[in-house]
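Engineer: Got a predicted structure here, sequence first:
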Amino acid sequence: MSDLVLTVTDIKQWLYCPRVVYYLRCLPSVRPTTYRMRAATDAHDDEADRERRRSLRTYGLDDGERAFDVEITSTRLGVRGRIDLVVRRRDEIIPIDYKDSPGRAGRHFQVQLAAYGLLLEEETGLAAHRGFLYFIPSRRSFAVTLGDDLKDAAREAIEAIRTMIARESMPSPTPWRRRCTVCEFHRFCNDVI
């Protein structure tokens, strides 16, 4: 493990578009802040207040101890994160991440959740076999099985990010150009139309 501590958000961004992580890690002073970013932060805060009043039925659970805004660090992986909600049950630990998006459980969101699961497993010794994405606009939860495929994808992303940072090499842009139209770094990618 390197001395550089990555974030779980780095992993999610890497899978969305690796250039975002390049700009954040190799050129950190250029990051613009957008209205959309501020609005998403506000939506997360509002949702946490509502979550405190809800039961766990939203996630199909009948019991569990809830913890909000859980700060966690894995010394083994060299990754830290802040989990919106963690449900601890007798034999499992469940990460729940709020999303201020339309409700598509993209792979980048699922791998982010798996990374949270890895961190929780290391800290608690409990298995993280599942997690949930909670989509704020639709007020719906989406169950995600945190299998080896997603956990391995998180580990692979960590290694790829570390390699990119060590080499300071700009990665290729995302092949999904629609993502570029709403990206805060769009103006820096002159090779993307």
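Structural biologist: Perfect, thanks for sending it. Computed from a prediction, not measured in an experiment: that's the story for all the values here.
Engineer: how about low-confidence regions in this protein?
Structural biologist: 1-2, 30-49, 52-53, 193 (pLDDT under 70).
Engineer: mind listing what Y116 touches?
Structural biologist: Neighbouring residues of Y116 by CB atoms under 8 Å, 6 or more residues apart in numbering: V8, I72, G81, I83, P95, D97, A128, G131. For every residue, glycine as well, the C-beta is placed using N, CA and C.
Engineer: Kindly indicate which of these lies nearest R178.
Structural biologist: The closest of the contacts of Y116 to R178 turns out to be D97 (CB to CB; 22.5 Å).
Engineer: Near D91, how many other residues are there?
Structural biologist: Number of residues near D91 (other CB atoms under 10 Å) recorded here: 7.
Engineer: wait, it sits on L126?
Structural biologist: Yes. The criterion here is CB atoms under 8 Å, and D91 meets it with L126 at 6.9 Å.
Engineer: what residue is smack in the middle of the chain?
Structural biologist: Q112 (3.6 Å; CA atoms, centre = their mean).
Engineer: tell me the secondary structure for that residue?
Structural biologist: The three-state assignment at Q112 reads helix, by DSSP: H, G, I helix; E, B strand; the rest coil.
Engineer: The nearest residue to it once chain neighbours are set aside: neighbouring residues, count only.
Structural biologist: In space, Q112 comes closest to K12 once its chain neighbours are excluded; the distance is 3.8 Å by CB to CB, 6 or more residues apart in numbering. The tally of other residues near K12 (other CB under 10 Å) stands at 24.
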